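[1] no sequence on this one, just coordinates:
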């Protein structure tokens, strides 16, 4: 039996085209950590990402795979919500002021008890500094405009504008937090080859 891999089994959510499209995103479960600052320089951001991966792999390896190998799965990619108190102030030029929520999806079949166990295992084994900030949440994003972007994170601006313009041309208004899903590892992939799903919630 093959592992559950959301990226492969739900291409409509994880393999969009390189042009904007509008889609409804269902409710999903996540580990999340909130913070503030430039992701390129913020230790708080680095600590959050480290913690999310630690708990996510504890859940997969120490809980799910160990107790029920048939439910084994591929850990979903890192995601980020990027925002400010007033989204009109959000721009690529003020990264130090960005608020963010970093998150990794949890399979739908995982129970709250298993989530608690994975957090406790992570505390006992690694005790990452950001663990007290970690929480579990059901996130229902709703209707979004999304696009597959290939390139450096710092050069996303024109693609974001293209996506926003498409939504407005379809008579939607922007509503909610800028959302990115990271399909590439910046430690191993050249910047120009990084793949990122960019999403923006919208409403009529």
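    Great, that's in hand. Everything numeric in this text was worked out from a predicted model, so none of it was measured.
[2] Output the below-cut-off pLDDT ranges for this protein.
    Applying pLDDT under 70 to the chain flags the ranges 1.
[3] same thing but at 90, please
    Within the chain, the segments meeting pLDDT under 90 span 1-2, 68, 84-96, 154, 184-188.
[4] Let me see the domain layout of it.
    Here the domain parsing of the chain from automatic domain parsing is 14-23+142-204, 27-139.
[5] which stretch among these comes nearest residue 2?
    Nearest of those to residue 2, taken as Cβ to Cβ: domain 27-139 at 9.2 Å. For every residue, glycine as well, the C-beta is placed using N, CA and C.
[6] mind listing what the residue nearest the centre of the chain touches?
    Nearest to the geometric centre of the chain sits residue 79, at 1.3 Å (Cα atoms, centre = their mean). By Cβ atoms under 8 Å, 6 or more residues apart in numbering, the contact set of residue 79 is 30, 102, 103, 104, 105, 179, 180, 181, 182.
[7] all strands in the protein, in order from the N-terminus.
    Applying DSSP state E to the chain gives strands spanning 21-25, 28-36, 78-83, 99-106, 135-139, 142-150, 173-174, 178-182, 195-203.
[8] picking that back up, which one (most neighbours) among the contacts of residue 79?
    Comparing the contacts of residue 79 on neighbour count, residue 103 comes out first with 27 neighbours (neighbours: other Cβ atoms under 10 Å).
[9] What are the contacting residues of the helix ranked longest in the chain?
    For the chain, the helix that runs over the most residues, judged by DSSP state H, is helix 43-58. Applying Cβ under 8 Å, 6+ apart, the contact partners of helix 43-58 are 31, 33, 35-39, 75, 78, 100, 102-104, 106, 118-119, 121-122, 125-126, 128-131, 133-134.
[10] Report the buried members of those residues.
    Listed as buried from the contacts of helix 43-58 are 31, 33, 35, 37, 39, 75, 78, 100, 102-104, 106, 118-119, 121-122, 128, 130-131, 134; burial here means 16 or more other Cβ atoms under 10 Å.
[11] Run a quick neighbour tally on residue 142.
    13.
[12] Wait, it touches residue 199, no?
    No - look at residue 142 against residue 199 with Cβ atoms under 8 Å: they stay out of range, at 10.7 Å.
[13] Name the residues contacting each of those two.
    Contact with both residue 142 and residue 199 is made by residues residue 25, according to Cβ under 8 Å, 6+ apart.
[14] neighbours around residue 160, how many?
    Counted with other Cβ under 10 Å, residues neighbouring residue 160 total 16.
[15] distance of residue 3 from residue 31?
    Between residue 3 and residue 31 the computed distance is 19 Å (Cβ to Cβ, to the nearest Å).
[16] whoops, I mixed them up, residue 73
    Applying Cβ to Cβ to residue 73 and residue 31 gives a distance of 14 Å.
[17] swap in residue 119?
    The value you get for residue 119 to residue 31, if Cβ to Cβ is used, is 9 Å.
[18] anything in contact with each of these two?
    In contact with both residue 119 and residue 31: 55, 134, using Cβ under 8 Å, 6+ apart.
[19] From residue 196, how far out is residue 147?
    Distance from residue 147 to residue 196, by Cβ to Cβ: 9 Å.
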